[in-house]
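1. build the 3D model from these lines:
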Amino acid sequence: MKKIVDGKHVKRGVEAHLLTLEALYTLYQKAFFCTYQDIHALLSIRAEAIDQACTSATNEKVKEAHAAMLEEMSSVNLVEHMISFEAENETHPLFVVMCNYMKMVMTMNLFIRAVRTGNWELHLLSLGLFTKHFFALDMLNYARMMPLYLAEMESLKTTESALYAEFLNGNWVVNKNPDVPFCAVGADHALEHINRSLKVSGGIVGITLNPAALRKFFMVAPELARLCEEANVMAGLSSLPQAHHHGLSNAVLKRHEQRLDELTATIEGFTNPFTDEASKLYNIATKTVVPENVKQDLINEPDIGNTFAESFISERIKSGKVNLWSPMKKQQLKTWRTAGKKVKVAAGDKIVELQEDRSLFARMLLISKSRREVNLREIVAKYELSVVPRSMFAADGTMLHCSAKSTLMTVLEQLPAKEEVDNATSSYDNHTGNDYSCSSS
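-> I've put the predicted structure just below:
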């Protein structure tokens, strides 16, 4: 989870964000249709028609049912009602923050769609929408270069019209299987695929610093690949291109639906963010109320980023009043990660850094003094002095991540054997003269 949040695992991160987006939209629909029940009744009929068409009808029937749904959504002014619904809840911080997150993920979806389909104009549009987040979240390298990149690509219309036409035709991505839609990748991504295919047993591993061996390998590599493919065909293991997108298999869809139901139920078990009317912003899992400055930064993050992006483009791209490479000031906006104040506490000869800033024991003491029915001795002995389970979270509030299975095996191997434990127990009993019947008497 930590590597997903930090952006280290791209594929897993995209899947996690898409799954969270669908779960939040499910809860958004529940809250929206509770307010607009007449629209829900009309769209439910169209949704059932689409479900029946997908189950038993042809592709043409599915397209007709989908077109009828879009027409119904347009006739009831669904988008206008959604805008009104969000305006009515703009005073609820949890609602606003969740909507900001959903819009950010949908912008990410636009960028992914642009690459997968080779849509050049959508590529530029999605990057332009995402630029404000680079400025707001202090990603200075992207914030500096993205406006310049967009300006240079826009100038290709007049300076290099032939090249721009090639981009419009989709010749800026690599599609390894033109028969399957939505599977194009960027040129750098495709090059990584080639590099990975070479770094295998019998490949360039171990000979990268030997020019003669490399030349010999690349001369015979096509012939080796042909022989390998013929052997796979003879064994019935041919690696022919797939006829369908890998994300449409029954196993993938079933696993996705199961995870979606579990995540939706988990979030709703805490609270529905789109029906919560609290004036304070809080963590839906731990119920920790974030400080006011953190709440304001989370709510206003898109507007703050958009303001600084427009100023940067006006001063450094369009007018040139400020040099492009002049220092940029960080915004240092507060986020969920910085909501907890870190406090260093001395524990014996060690310094423990705590991220939870609530004085839990002090509050319990005040409660015990004001409410006689509260037994402080019972509370201290029965419950943990922590807002989160210590079996799952560290002292600083971060989640404890599972180690690798190999690490677990090392720990198990270091444990004493059962015979050693029995011998140690018996020797201890003999040494202390542990006779339970006598000691009890």
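
2. in stretch 191-198, what's buried?
-> For stretch 191-198, burial by neighbour count (16 or more other CB atoms under 10 Å) applies to no residue. Just so you know, the C-beta spots here come from the backbone N, C-alpha and C atoms, and that holds for glycine as well.

3. just the CA atoms of that stretch, as CSV, please.
-> Extracted as CSV, the C-alpha positions of stretch 191-198 are listed here (Å, rounded to 0.1, in the frame of the first residue of the first chain):
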residue,chain,number,x,y,z
LEU,A,191,11.1,0.0,-25.3
GLU,A,192,11.0,-1.2,-21.7
HIS,A,193,9.1,-4.3,-23.0
ILE,A,194,11.9,-5.0,-25.5
ASN,A,195,14.5,-4.5,-22.8
ARG,A,196,12.7,-6.9,-20.6
SER,A,197,12.5,-9.6,-23.3
LEU,A,198,16.3,-9.4,-23.7
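
4. which residues touch it?
-> Stretch 191-198 is contacted from outside by 176, 185, 203-204, using CB atoms under 8 Å, 6 or more residues apart in numbering.

5. may I have stretch 95-103 as PDB, with CA atoms only?
-> Only the C-alpha atoms of stretch 95-103 are listed here, as PDB (Å, rounded to 0.1, in the frame of the first residue of the first chain):
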ATOM      1  CA  PHE A  95     -18.100  15.700   0.300                       C
ATOM      2  CA  VAL A  96     -15.900  18.300  -1.400                       C
ATOM      3  CA  VAL A  97     -12.600  16.500  -0.700                       C
ATOM      4  CA  MET A  98     -14.000  13.200  -2.100                       C
ATOM      5  CA  CYS A  99     -15.200  15.000  -5.200                       C
ATOM      6  CA  ASN A 100     -11.800  16.600  -5.700                       C
ATOM      7  CA  TYR A 101     -10.200  13.100  -5.500                       C
ATOM      8  CA  MET A 102     -12.700  11.600  -7.900                       C
ATOM      9  CA  LYS A 103     -12.100  14.400 -10.500                       C
END
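
6. mean confidence for that stretch?
-> Taken as a whole, stretch 95-103 has a mean pLDDT of 96.

7. let's number from 33 now, not from 1
-> Sure thing, new numbering starts at 33, so read that last one as stretch 127-135.

8. now tell me what touches it from outside.
-> Contacting residues not belonging to stretch 127-135 are listed as 53, 56-57, 60, 118, 121-122, 305-306, 308, 313, 330-331, 333-334 [CB under 8 Å, 6+ apart].

9. quick one: the helices in the stretch 133-282 of the chain?
-> 152-168, 172-191, 193-200, 219-230, 243-266, 282-302 (DSSP state H, counting those that start in this stretch).

10. pull out the buried residues from the longest one.
-> It refers to helix 243-266. Phe249.

11. list the helices and strands it packs on?
-> Of the remaining helices and strands, none touches helix 243-266 by 3 or more CB pairs under 8 Å, 6 or more residues apart in numbering; DSSP states H and E.

12. just give me how far that helix sits from the chain centre.
-> Relative to the centre of its chain, helix 243-266 is centred 39 Å away, using CA atoms, centre = their mean, to the nearest Å.

13. need the mean per-residue confidence for that helix.
-> 83.

14. got it, and the second one?
-> Averaging pLDDT along helix 172-191 gives 95.

15. same check on the first one?
-> The predicted model assigns helix 152-168 a mean pLDDT of 95.

16. strands along the chain, start to end?
-> 205-206, 217-218, 375-379, 382-386 (DSSP state E).

17. what does the first one contact?
-> Just to be clear, that refers to strand 205-206. 147, 150, 216-219, 221-222.

18. kindly recompute the last result at 6 Å.
-> Strand 205-206 has contacts (CB atoms under 6 Å, 6 or more residues apart in numbering) with 147, 150, 216-219, 222.

19. where does the prediction get shaky in the stretch 233-382 of the chain?
-> Residue ranges of the stretch 233-382 of the chain with pLDDT under 70: 270-273, 371-382.

20. and if we set it to 90?
-> Residue ranges of the stretch 233-382 of the chain with pLDDT under 90: 233-282, 302, 310, 314-323, 352, 367-382.

21. I'd say Ala48 and Lys35 touch.
-> No: Ala48 is not in contact with Lys35 according to CB atoms under 6 Å; the separation is 10.6 Å.
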